[in-house]
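Peer 1: coordinates only, no sequence provided:
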């Protein structure tokens, strides 16, 4: 089967190339067919496995999206459009927190919540696409810690690794997590925690499985989009947390999340969860700068009833200490 290719460039109003723009190829039903991230020259390339009437959506962090007019993408064809960004700059400083939650797909939410979520979503998409950027090498310090239930450090291991820029951990497909949940209990009552990946956060399934609302931060320079399982997911093992976006430039700064337990499994006294902090690099890509996953090691006690005891806390994480291009 012949593939259809869109090979284009993105520029601003002054005709200067713009790097780090998330390009989405949309079909006639507005379904995302393919995504790409513009390079330093503003160039991008997306491939569709089927022909049809398409549109391109250009999302730049801190700006409203630009949507092109529909165009025909014929069998085996290659089109070379130039996109001029027209979206106005987003003003998150004036966004006020609204207590109501919106569940399900993002288009069901109010305009203010949707505006902040779209900025977080753009940063997440840029991080996901940037992980495949060629020519960039990262040096990462890995940190493994073991603590007692009170948080006292019992042991620590540090290590360095260098390689191509990738996501810091492997994650299961979002449809698997949707079906099985994020926490699994085996026959020995041992818990397995499955951390979400960036591809999961940007998936439509994640929107369908969670409710969203704007929340305030102690740091007035940030605004948060909090998420929690929908009522239909109350019995599943899920995640809840917050995306924290900077008001000044609408960049996603950090994500914090925790796990909910499967039905019938008590929540450990020290909950499991994780956090990620993001940063933009000069080529426009977004990277996960630091991360940590925290998991309690638990056992079940039988004293007039079953209760969960935390024996130790395990923490695994890392930090990007250098990014290199070529030599």
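Peer 2: It's in. Keep in mind that this is a model prediction, so the values were computed, not measured. Numbers count the residues shown, from 1 in each chain.

Peer 1: show me what stretch 176-192 is in contact with.
Peer 2: Where contact means Cβ atoms under 8 Å, 6 or more residues apart in numbering, the residues beyond stretch 176-192 that reach it are 193-196, 200, 205, 209, 236-239, 259-262, 265, 272, 298-300. From N, CA and C alone the C-beta is placed, and that goes for glycine too.

Peer 1: thought residue 315 was touching residue 143?
Peer 2: Yes - the pair residue 315 and residue 143 qualifies as a contact (Cβ atoms under 8 Å) at a distance of 7.5 Å.

Peer 1: what is in contact with those two at once?
Peer 2: residue 292.

Peer 1: which among the contacts of stretch 176-192 count as buried?
Peer 2: 193-196, 200, 209, 236-239, 259-262, 265, 272, 298 (16 or more other Cβ atoms under 10 Å).

Peer 1: need the phi and psi values for residue 178.
Peer 2: Main-chain dihedrals, residue 178, degrees, to the nearest 10: phi -60, psi -40.

Peer 1: burial of it, as a residue count?
Peer 2: Residue 178: 18 surrounding residues under other Cβ atoms under 10 Å.

Peer 1: show residues contacting the helix or strand containing residue 241.
Peer 2: Element membership for residue 241 (DSSP states H and E) is strand 239-246. The contact list for strand 239-246 (Cβ under 8 Å, 6+ apart) reads 92, 116-117, 119-120, 123, 182, 196, 210, 215, 217, 221-229, 251-260, 273.

Peer 1: buried residues, the helix or strand following that strand. List them.
Peer 2: On the C-terminal side of strand 239-246, the closest following helix or strand by DSSP H and E is strand 252-259. Within strand 252-259, the residues that count as buried by 16+ other Cβ under 10 Å are 252, 253, 254, 255, 256, 257, 259.

Peer 1: quick check: the two most widely separated of those?
Peer 2: The span of these, defined through Cβ to Cβ, is set by 253 and 259 at 22.1 Å.

Peer 1: low-confidence stretches in the stretch 201-327 of the chain?
Peer 2: For the stretch 201-327 of the chain, the stretches flagged by pLDDT under 70 are 263-266, 268-269, 299-308.

Peer 1: first to last residue in stretch 47-62, what's the distance?
Peer 2: End-to-end distance of stretch 47-62 (Cα to Cα, to the nearest Å): 26 Å.

Peer 1: with adjacent residues omitted, what lies nearest to residue 323?
Peer 2: Distances taken as Cβ to Cβ, 6 or more residues apart in numbering put residue 138 closest to residue 323, at 5.4 Å, once the chain neighbours are dropped.

Peer 1: again but with residue 273, I slipped
Peer 2: Closest to residue 273 by Cβ to Cβ, 6+ apart is residue 258, at 3.5 Å.

Peer 1: can you list contacts of stretch 123-131?
Peer 2: Taking Cβ under 8 Å, 6+ apart as the rule, stretch 123-131 contacts 20, 22, 35-37, 59, 61, 165-167, 198-199, 201-202, 245, 251-252, 278, 281, 284-288.

Peer 1: quick one: buried ones out of the residues you listed?
Peer 2: Buried among the contacts of stretch 123-131 (16+ other Cβ under 10 Å): 20, 22, 35-37, 59, 61, 165, 167, 198-199, 201-202, 245, 251-252, 278, 281, 284-288.

Peer 1: in helices, which of these appear?
Peer 2: 198, 199, 201 (DSSP state H).

Peer 1: distance to residue 131 for these - can I get that in JSON lines?
Peer 2: Output for these, formatted as JSON lines (distance: Cβ to Cβ, whole Å):
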{"residue": "198", "distance to residue 131": "8"}
{"residue": "199", "distance to residue 131": "10"}
{"residue": "201", "distance to residue 131": "13"}
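
Peer 1: just those now: which is nearest residue 75?
Peer 2: Closest to residue 75, out of all of these and judged by Cβ to Cβ, is residue 199, at 29.2 Å.

Peer 1: what helix or strand is the closest residue to that closest one other than its chain neighbours on?
Peer 2: Closest residue in space to residue 199, ignoring its immediate chain neighbours: residue 128 at 5.8 Å, by Cβ to Cβ, 6+ apart. Element membership for residue 128 (DSSP H and E) is helix 111-130.
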